[in-house]
Structure formats: C-alpha cells, structure tokens
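*Asks:* I would like the atomic coordinates for the input below:
(chains A and B)
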Amino acid sequence: MGLPGLRPRERSGPGALPRAISALSRALRGRPRPETFRKAKFDLPEAVAELWSLLFSLLWPVHQEGAVAPGDPPEALEGQIRFVKWVLHCYGYGRRHFYQLPEVGSHGSYELLLAFSWLLVYLSLPERFLYLNCVYQGDDAWICSCKDLASYPVPLALSCKGRVDIRYVQWLLGKLRFQWRSLYASQQEQCTLLNKIHLYTRGCHPDPSIGHLSVPEIELLRFPESSKQMLQQLESENSCLEAFLEWKHMELVYWQWMDTVLDANPIGIPNADKQDVFLPEILQYCSPKYLTGEMDRVQKNLEALRQRLQETVNQQRAAWHTKVSRCSQRLPRLPELSTAMMKEIQKTVECELAALEQGCGVKSWSHRLQRLVFREAGEPSHSGTHQMTKVIQVLRREEASLEKTFRRLQEECQQELAILARGLEGVIWILPP
Amino acid sequence: MSIVTVQLGQCGNQIGYEVFDTICRDLHNTQGFCCKRENEVYQASCKEHFFNEEKSGVPIARALLIDMEPKVISQTLLKAAHSGRWKYGQHSHFCQKQGSGNNWAYGYSVHGPKHEESIMNLIQKEVEKYDSLRGFSTIMSMAGGTGSGLGAFLTQNLRDAYPNSFIINQIIWPYGTGEVIVQNYNSVLTLSHLYRSSDALLVHENDVVHKICAKLMNIKQISFRDVNQVIAHQLGSVFQPTYSPEDSCQYRRNPLGDLMASLVPHPEFKMLGLRNIPQMSENSLAYTTFAWTGLLKHLRQMLISNAKMEEGIDWQIRPPLSGLPALEKVLPNKEFHFNTSIANLVILRGKDVHSADLGGFKDPALYTSWLQPSDAFSEWRTHRAFNKYEKLAALVSNSQFLLKPLDTIIGKAWNMFASKAYVHQYTKFGIEEEDFLDSFTVLEQVVASYCNL
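*Replies:* This next block holds a predicted model:
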C-alpha cells in the first residue's frame, strides 16, 4: 500500500530521509530537526544540547501521565539530563556508555541518537504522544481491569531508633480512609451531575447513536469563544495525525539510515557487547531519590539471576528434548486430520470461546478511556459497547477477590504478630477488631 | 457539597437555630472587609453548604429538627420563619408528645427503636434533595435524655446507613454543677457510644462558655440564649467558607472532610476542643483594633497552657524542650500543665490574613512524639471577615484539652455506679450494668490514650 500522492520512488530517493525525519518531527509537535540527526551521526557536539532537551521534553509528559500531583520539571539542563538517564535506566536501556555521558552536556550526540531511536520503538513514542495530546469530546470513564497494583513505597518518618510508631501508621490509615470517602463523595456528585446533563440534553446530538450532549460540548455551548481554541487544538491534532501517517509510511527509510549510523560508529565502542537487563516497569513510578543507591545492587542481582536462569533453562531444554525424542519413538503416528474434522474442531473452539466471553459478562476491556453514553433501560445498544451494569458486575467481582486477598494477608499478619507477641513475657495479645 | 445538620433535643434545637441565624446574619453582613466579587463567592459557597434555595428567595436551612416534645420545635420553627432571612423546611421536623425525662436509657432504648423508621425516612428524604452529601453534623447535649440517648442511637444508625459520609457530633458538655442528678451517667453513656460510631466529637463546655459570657462579653444576667449564641459564633467561625489549599480564589468544597482528615484520622483520638480570639461584645468591637501577631501569640499560649479564654492565661507554661526523649513527656504523675496536642487546625478570617505568621504552631514540641508538625498542623484562611470581627482566629484542637473534664465525669459517674445509685432507672429500659461497665472501659481507654501523648 502506498501513501496517496507519493510515488514509491519518492520514498527512497535522496530527499527521503529528511522528509521522514521532518514527518516524525511534526508528529512529535515539531521537536527534532533533520540537521541535528545528521550531526549526531558523526557525534558532533553541536547536537548534544538539543538532543538532551528533546529526550527530556518527550519523557517528562509521558512520565507525568496519570500522576496524581504532577511535579514541576527541573529547569537546569543538569537536572533534565539526570532525569532522562534515570527514566531510561528504569525502562532498562542497557548501554553503559550512555550513562557515563557528562551531565554538563558537552559531548555524546551519537549516544543520544541511539537512545532516542531505542525509545522510539520501545515506548512507541509517536503513538504515546498522539494519545497524550488527544482532544476529548465525550464524557469519558477510565476503565481498567489491570490487576497488577503497583506497590508505592510509603516513606515513613522513622524515629531516632529507626522504628515507626504504630500510632503513626494508624493515623495514616485513618487519613487514607477519610480521603477515600471524600473521593467517593465527589465521584458520586460527578455522576449525578453527568446524569442530569445527559437527561436534559436528550435528542440534541446530531449522532443518533449517542443522542445527548457531553460535558465538553455543553461547555462549548456555554462559552462559545472557547470553540476557537478547540478548533486550534483539533487542527493541531489533525496535522499530528497526518504527519504520523506519513512517518509510518517512511519509517523504513529512517531505520535503514540508522543501520548506517550503527555501522559508522564514530566513537568506536562495540554496539552489541551484551544483552540488556530489563527492570520491571514498576520502577518508573518510584521517585529517583529512593532508588539510585539500590539500582546497582538490583542490577547486579538481576544479572546473576539471569545467568542462573539461562543455565537452568538450557539444562531443562536439553532434558526435555531427549525426553520428547524418546517418547516420539515409542508413539504410533497420529492419523491425518481431514479438512472436515479440522473445521469441526475449529467450530467447537469458537463456540467455547464465545461461551467463555459471555460468562465473563463483557469482552475483556483494555486499560483505556471509554465514552459514557446514557441509555434508557431497554433501548438497543450498538455492538462493541459495554453495558455499565456489566462492567460494574465485573468490577464488583474483582473487588471481592481483592478483598479476599486483603483478608488473607491481614490474617497472616495477625498470626505473625501473635507469634511475635508470644515471645514477650507478660504481654497479653488481644486481636484488633 | 452539603452538610445536613441534625438538631436533637431541646438543647440541640436551640443551638441549631442560633447557628443558622449566625451564619445567615454573617452572609448579609456588609462589613466583610473584602471586595464585592469575593463576598459573592463566599456567600455562594456558604449557601451551597448549609441552605437550599427556594423560589421565594428565602434560603431553607439544610437541617432536621428532632425532639420528643413539641414545644421547643414549634418555637424554633416560628423564630426562624419570623427572622425573614431564612427558614426551616416545611417537612423537616419530627416530634412526639412525651420526652425522655433526662433518662439516657429511655431515649436510646425506647424512643430510638420506636421512631427509627420515621426519623431515618425523614433523613433519607432530605439527603435525596442534594446532588452530593458530604456528611452529618448533629447537635446535642450530653447530659439529658433525648439529645444524648436518642442522639447516640441515631448516630449509630447514620453510620450504618451512610458508611461513606462524615459524621461530626457537636456535644454540649454539662455544667459541673448541673441540675440533672444523673448527668454523669448520661455523659458516660453518650460519649462511649458516640466514640464507636462518630468520626469526631466537637465539645462545647457550658462552664467555659458561661465564663466567656461573663468575663469577655460583660453580660450581667446570662441566659441560655447568650451561651448558645457564643457557641454558634464559634461554630460559624470554623465552618463558614475558607479558601481551598490549591487555589486561593476558590473556596473549600468539603470543609467537614478536610477538618476530619487533618484532625481525627486516628480512631482513638476523636475529642476536639474549640477556642476563639478575640471574643467580645459587639459594642466594644467597634472601638478595638487587633494585630495578627498579638492574637496568634495569645492563641498559642491558650493552646499550650489549656486556657479556656484569652483572660487569665498562664504565661509561665512553656513547651518541653524538643530534644527530650518521648518518655519524659509521659511520666505518670505528670500534672496537666503543658497541653500536648495531636493535631491542630487554625482558621484565620479577616484583614491582611495572608500576612499572619503561624510559625508558632509548627513547633514540634507542641505535638506528640509520633507526629510531625507537617502532619499535625493545618491552617485555613479567608480575607472575608466573620460576624463583624475585622480579624478573627479560631483553633480546633485535638489535644489534652478535655482530658481533665472527661476524667472528672468518669470519676463522678463511677462513684455513683459503685453505690448502684439510680442504676435501676437504666436497667428498667434495657441498659444493663454490663453496658455501664463497657462504657467505662471505653472511656478509660480514651483517657489513657490521651494521657500517653
């Protein structure tokens, strides 16, 4: 499939690379310049500052995404460089030489180009960016059924003996409980108001499948002057999308050029000396100050672990192969499946899959925003939509299972405490309510 | 963002009326010492919390009046209607013909279960009117029968029916020399039951307020009305709107929740005391000016010396040296000189409020060893003056303020209980000796917890 209006020759001609980079640049809202990339290929120092700030300006919003209280970005280049290094470390970028670059930004544009290209693929940066800058027009609800609750470390203030007073923990727990109640009340208020808006504006939306106005649309009606701003946002999003499309068609040119960059290797460091060590992505939620010290230790442990695992895997694999080959010698050959039989099996599998999906209530939804649309009971809904009642059912089930886990953990802790208390003479242990 | 006020019994209803009247007079106060626009935002925020708008334009208090005798309720409804500034809702009261005769057990075990359904329905109907419910604030006396007994019963029911709402109980602490002979029993039963179901108990001591009327307000013959107006003024100075922490152009949306989160997260420490400065009669107010530094210096000393008012503060009492280990603070025979805090909230209203320095309240020596001032201290501010006070500071404190009064009440009640005096009046209505013992245990635990700060 070719890009409309672009002949295949233009996708590989001499001007193709600058065009690809400029498309990428527009998709990322005009950040990198083609000239900078060319300089970076030869490790020229002129490109360094621009590449650091490029990396920072890309990683900062991604890192702040979903943060409850967005922090202030570091202003000095040094702080920005440290942040970029830390984030890349968390994502598991493995080139040692990158981390050894000076924090004054004097050289290393070649390394930075490699890091940028790695991020492009690893984080799907253009896609992430489009998603972040998307203009929403509907009333959205964040639906997420991810079970991996990231563990946030709570920095407890330690007393001089290095112990935490239990009353402080109880205080924090109480505070959390109150804040949860406040959150609950404001969510409930939001739902009530949303419902009012949806009821009052029924039949006002040009799209009959939606049927009512959303909060951003009501805002536009109330403050018509904001529509100009909205138009601008939409136009800019549109041009980003167009640029992204162009980039996708020309991406290959960039990667072919990157091959030549790797071959050029102006700093003379072997490019593939060892495999990268990937750290769990949970680390990206942590603050650097709790981690920098532990990072090296964790990395060493991981490396050792990986080697041991590799050995075990090799042994197991070899054992498995011998076992399989022995078994297959003993077994008679399986009869050939006829096409009719194949079809039958396929059908049964499909049926069972459908039944499973129905049993779950909803198709498994991913971790994303969904538009909220109000429907009277009994009104038909379109395929591909989730009914909120069903979503709630599933969430309730998940809540129950989390509750169960919580109770189990609590019991375990209580047992552990009881055992500890038994060791203290003259202490009576009364279970908390 | 509404708070439902539940006025219980004679005392609760009379104070409730004064609270709404004070708030409403403050709303129409032209001496706000701030610009018109700001005044409007303040008024809107206040109305959102405490009133429903009606077509006629007269705001309707978000309150429910509950008593077992009709007299006080009909008086209260009439007074509000006659004020012309505000009124109560048409179907917002519940009353019966026969009171509880100062018997806690009668209010809790007879009136409570008998009228549970009607009262809870009344509350539900009120709650359904709002887009969102933040919580309940009940006003009740601790010593009588209806307010205390029925109040404790109702608080439990509210907790069960609205598990995600905040519940604060405004408790009127009886005079030490009260005329109800069983007031100490009633108090012990009320406090112990509320401690299980309420989130915070904001205590108003009759003796203290009475002294304020006599010494600061220069009232010669002090009536219940005078006392109630001082309590209403103090409550208004806490719950009227203040700026939200994120944006100083917007008012706080959930003052009740914010107050709770900063003062009473720990379930063993729920007793709050209230202090105000300055406090004086309206006549003297016009001729006096104040500086924030002086006011806050006095308020701080009132806090650390447990002074009830700005007159007669003991300036000798100093906080312990902050370097001392926590053990030094908990000597068992330590006399109640220095008042250790768990958490404090200071609310400042009026002119130049942003220049007021609250550093004196952020001293770690003021607080228990297991909390840092950053956790334990909060401040609310607004430029809008309250109730004609050009400058006003209020302190809500979770500290050892109430340790001594509580200890006294438990002591007196225990002495009576030991001689089995009047206990049969309670067992008659289903409150057994076992229940008394449970209540004593709960409160002894509270006293012990506050002692060991």
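
*Asks:* From now on I want contacts and neighbour counts done on CA atoms only, so please keep to that.
*Replies:* Will do.

*Asks:* if I look at residue B:254, how far off is residue A:178?
*Replies:* 11 Å (CA to CA, to the nearest Å).

*Asks:* Among these two, which residue is more densely surrounded?
*Replies:* When residue B:254 and residue A:178 are compared for neighbours, residue A:178 comes out ahead with 23 against 20, by other CA atoms under 10 Å in any protein chain shown.

*Asks:* Within the helices and strands, which one has the more buried one?
*Replies:* According to DSSP states H and E, residue A:178 maps onto helix A:166-200.

*Asks:* just residue B:4 next, same as before
*Replies:* Short version, using DSSP H and E: residue B:4 is in strand B:2-8.

*Asks:* Against which helices or strands is the next helix or strand after that strand packed?
*Replies:* Remark: after strand B:2-8, the chain's next helix or strand is helix B:9-27, criterion DSSP H and E. In terms of contacts (3 or more CA pairs under 8 Å, 6 or more residues apart in numbering or on different chains; DSSP states H and E), helix B:9-27 is packed against strand B:2-8, strand B:63-67, helix B:70-83, strand B:133-141, helix B:224-239.

*Asks:* next one: the helix or strand following the helix holding residue A:178 to chain centre, how far?
*Replies:* Where DSSP H and E defines the elements, the next helix or strand beyond helix A:166-200 is helix A:215-222. On the basis of CA atoms, centre = their mean, to the nearest Å, helix A:215-222 sits 31 Å off its chain's mean C-alpha point.

*Asks:* Report the buried residues of the next helix or strand after helix A:215-222.
*Replies:* Using DSSP H and E, the next helix or strand after helix A:215-222 towards the C-terminus is helix A:226-264. By neighbour count on 16 or more other CA atoms under 10 Å in any protein chain shown, the buried set for helix A:226-264 is A:234, A:236-237, A:240-241, A:243-247, A:249-251, A:253-254, A:258, A:261.

*Asks:* before we move on, what about stretch B:386-401?
*Replies:* Buried, per 16+ other CA under 10 Å, within stretch B:386-401: B:386-401.

*Asks:* Same check on stretch B:128-136?
*Replies:* Buried positions in stretch B:128-136, judged by neighbour count with 16+ other CA under 10 Å: B:130, B:131, B:132, B:133, B:134, B:135, B:136.

*Asks:* Mind picking the two most distant members of the residues you listed?
*Replies:* Using CA to CA, the buried residues of stretch B:128-136 span at most 15.0 Å, a distance reached by B:131 and B:136.

*Asks:* now the strands for chain A?
*Replies:* For chain A, the strands defined by DSSP state E cover A:140-143, A:368-371.

*Asks:* got a list of what the residue nearest to the spatial centre of chain B touches?
*Replies:* Chain B has residue B:202 as the residue nearest its centroid, 3.3 Å off, counting by CA atoms, centre = their mean. Taking CA atoms under 8 Å, 6 or more residues apart in numbering or on different chains, we find residue B:202 in contact with B:168, B:169, B:170, B:171, B:271, B:272, B:273, B:274.

*Asks:* Pull the helix or strand harbouring it out as CSV, backbone CA atoms only.
*Replies:* Element membership for residue B:202, per DSSP H and E: strand B:200-205. Coordinates of the C-alpha atoms in strand B:200-205 are reproduced here as CSV (Å, rounded to 0.1, in the frame of the first residue of the first chain):
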residue,chain,number,x,y,z
ALA,B,200,-15.3,13.4,65.6
LEU,B,201,-16.8,14.9,68.8
LEU,B,202,-16.6,18.6,68.9
VAL,B,203,-17.1,19.6,72.5
HIS,B,204,-18.6,22.8,73.8
GLU,B,205,-18.3,23.1,77.6
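
*Asks:* What sits closest to whichever residue of the stretch 51-200 of chain B sits closest to chain A if chain neighbours are left out?
*Replies:* Nearest residue of the stretch 51-200 of chain B to chain A (CA to the nearest CA) works out as residue B:132 at 4.9 Å. Closest residue to residue B:132 apart from its sequence neighbours, by CA to CA, 6 or more residues apart in numbering or on different chains: residue A:189 at 4.9 Å.

*Asks:* Hmm, the one you found is touching residue B:130, no?
*Replies:* No - counting by CA atoms under 8 Å, residue A:189 does not reach residue B:130; the two are 9.0 Å apart.

*Asks:* on that earlier part again, the residue of the stretch 51-200 of chain B closest to chain A contacts residue A:183, doesn't it?
*Replies:* No - counting by CA under 8 Å, residue B:132 does not reach residue A:183; the two are 11.6 Å apart.

*Asks:* Pull up the per-residue confidence for residue 122.
*Replies:* You didn't say which chain, so I picked chain A. Predicted confidence (pLDDT) for residue A:122: 86.

*Asks:* That was the other one, I meant chain B.
*Replies:* The predicted local distance difference test score for residue B:122 is 95.

*Asks:* so whichever helix or strand it is part of versus strand B:133-141, what angle?
*Replies:* Using DSSP H and E, residue B:122 falls within helix B:112-127. With axes from the mean of the first three to the mean of the last three CA atoms, to 10 degrees as the basis, helix B:112-127 and strand B:133-141 are set at 140 degrees to each other.
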